[in-house]
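Undergrad: here is my input; please provide its structure:
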Amino acid sequence: MKHMLSQTFLLVACAAMLLPLTVSARRVKGSEKKLIHFGWVAPSQPDQFLKSDLKDLDGTCPFDGIGLYPDLRLKRGDKVISYYLPRQVGAPQMLTKEDFKDFIPAFRRLQETRLKHNFFRANSALFNADWFDDEGWKRTLNNFGMLAWAAKESMCDGLCIDIEAYPYTNQPFRFRPELGHSFEETAAQVRKRGKEWIEELNRQFPDITLFTFFWTSQCNSSFKADHPEYQNMTPTGLQIAFFNGVYDGAPDTMKIVDGNEGAGYQAATEADYTRIVANFYLYGSAWIDEKNQDKFKKITTMGVALYLDSYVPRENAGGWNLFTRTDNPTNMLANNIANCLNYSDEYVWVWCEKGNFWPKICKAPHKFWNENLPYCVEALEAGKDKRAAMFKYANKEKNLLVNSTLESGDSGAPFGPDQTKSGIVKWASWQSSHSPKGTIKAENGMARFINVTEGNIAQGTTDIKVGDQFVITARAKNEGMYGSPKLDYFFRNSKGQGLWALQVSTAFNEDLGDGWKRATAFVTIPPDNDIVSMTVCVGVSGSQDPKGEDKGILFDDIEMYRVEYPWMKK
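TA: Below you'll find the predicted structure:
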């Protein structure tokens, strides 16, 4: 495992070195990343939005947005035509703005909920398999344009397209020699159509976000990168030409999200997610013409997918069975949602089939997701904001550190410049031998550091195992000008060696008033390092006051709590 992990991280490092900085130009901060629901069961009809209580729309739904399939009813003369977009091969009806008039105010209501980042959905059925059919192309271009316009008017982020070659879509990206054109002629025509298509989307929705379940992430190996011709006779053989047409016509102000469907569905460990990043940034642009490389890197972002049903234990597992790789699939789900968000550029999407997040709105035959997988909603929330969840589920009734209030006592040595112990019960002290030493002493249930240039007080615990999570907090008050307080933790292995590469320092940046600040560290015991103990430290880095008048830094209330998720309790 160690060797495999090191290889994966090496791939990521190589990818970062090989690619220019513009690759990650659209990567956003963690707090700005979005978790999007796609799947079988979600509100889709106007009444479900307009007549539902807002709390029922997002009260049991841990997402930032959803995929919207408007199930249209087209009024054509004295007829009403049911028009379900995913099955409308060749786009037989010309859509109009009037067809969406009931959906736009309904979908706009989502902006009053947490579901603010939504996408109109479509698949490749709306394309005509005969790319030389001008009349058919007019319908395709019109209908995709109407979808983009409706998405804009509904205040959605953009349009989602699933280009998978489902049989019911008539697989429009399959090369058909029976139509009388060579592959080269057809590819050139598809490229031309791709350019026209993306231009129409942007005409109707300027600077649109095009969300794809997968895009060029299909190119995930050096063989595929070097031999794109092997795709030619597959059901998706014309997609490379289409991609290039899209980048021919795309403005550099739009955004294309590659959802990494296949790799994301199969990812089970953090190493799998690092591999997704490496493959995407090493090979993802290989099918794109040299002239469009800069544009690709500027407007294409890496999303990550997760297939929720694969975490649900069942007898007939099939090909998607991540639950078989763990004894706690809920915890695995929480960890992997966190991994998805950590490694994505901006968007993470969850495909959901046999479950329902809107039981009061969608009267589907499928159960509420928490009935399929205990604490499913809570696990998704925990993965979205890992730190908030760790703090929420920390057992604050049991501080694992002894004498957290820093009461003084006989620790074997008085305080002073040459001390080896702190004078604080159960806390040892350390000061670097490579810089001037100061004084660490107990003071009214606190610890004061005076003229300490590099030192700390520390307490260790062996009550840990791989995967355990902890929240550590401490308060500090800087009454001087020559040092900065910090909260640290580090590990030791069974040989007593300090694993210094894993040491983490946390700043005191939460203002508590009256000069006091708090630091909070969130700890997960990592695998593959033979860890047997963890040491918690509070200390100071700085310099000495040459006049000897600096009052130094006070510490108090050092606390360490074990995180106890409800799905981890036996």
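
Undergrad: and stretch 400-408, what's buried?
TA: In terms of neighbour count (16 or more other C-beta atoms under 10 Å), stretch 400-408 has its buried residues at 400, 401, 403, 404, 406, 408. Where you see a C-beta, it was placed from the backbone N, CA and C, and this is true even at glycine.

Undergrad: oops, could you answer that again for stretch 67-79 instead?
TA: Counting neighbours by 16+ other C-beta under 10 Å, the buried set in stretch 67-79 is 67, 68, 69, 70, 72.

Undergrad: tell me which of these fall in strands.
TA: Applying DSSP state E to the buried residues of stretch 67-79, the entries found in strands are 67, 68, 72.

Undergrad: tell me where the model's unsure across the stretch 1-150 of the chain.
TA: Flagging of the stretch 1-150 of the chain using pLDDT under 70 yields the residue ranges 1-25.

Undergrad: how about the helices in it?
TA: Taking DSSP state H, counting those that start in this stretch as the criterion, the stretch 1-150 of the chain contains helices spanning 2-18, 46-50, 54-58, 103-108, 134-153.

Undergrad: so what's residue 435 up against?
TA: Neighbouring residues of residue 435 by C-beta atoms under 8 Å, 6 or more residues apart in numbering: 453, 454.

Undergrad: swap that for residue 165, sorry
TA: Contacts of residue 165 were listed using C-beta under 8 Å, 6+ apart, and they are 124, 171, 173, 174, 235, 236.

Undergrad: the last one touches residue 163, doesn't it?
TA: It refers to residue 236. Yes. With contact defined as C-beta atoms under 8 Å, residue 236 counts as touching residue 163 (7.3 Å).

Undergrad: common neighbours of the two, please.
TA: residue 173.

Undergrad: chain center to stretch 52-70: distance?
TA: Relative to the centre of its chain, stretch 52-70 is centred 19 Å away, using C-alpha atoms, centre = their mean, to the nearest Å.

Undergrad: gap between the two ends of it?
TA: End-to-end span of stretch 52-70 (C-alpha to C-alpha, to the nearest Å): 17 Å.

Undergrad: where does residue 333 fall, phi/psi-wise?
TA: Backbone torsions of residue 333, given as degrees, to the nearest 10, read phi -60, psi -50.

Undergrad: go on, residue 276?
TA: Dihedral angles of residue 276 (phi, psi; degrees, to the nearest 10) stand at phi -60, psi -50.

Undergrad: picking that back up, which of the buried residues of stretch 400-408 has the weakest pLDDT?
TA: By pLDDT, residue 408 ranks lowest within those, coming in at 84.

Undergrad: grab the nearest non-local neighbour of that one.
TA: With sequence-adjacent residues excluded and distances taken as C-beta to C-beta, 6 or more residues apart in numbering, residue 408 is closest to residue 442, at 3.3 Å.

Undergrad: pLDDT value on that neighbour, please?
TA: As predicted, residue 442 sits at a pLDDT of 89.

Undergrad: show me what it is bridged to.
TA: residue 447 (DSSP bridges).

Undergrad: which residues touch the residue nearest the centre of the chain?
TA: In the chain, the C-alpha closest to the average C-alpha coordinate belongs to residue 341, at a distance of 1.1 Å (C-alpha atoms, centre = their mean). By C-beta under 8 Å, 6+ apart, the residues touching residue 341 are 30, 33, 35, 304, 348, 383, 384.

Undergrad: just checking, the fourth one touches residue 342?
TA: Going back to what we said before, that points to residue 304. No. Using C-beta under 8 Å, residue 304 makes no contact with residue 342, being 9.2 Å away.
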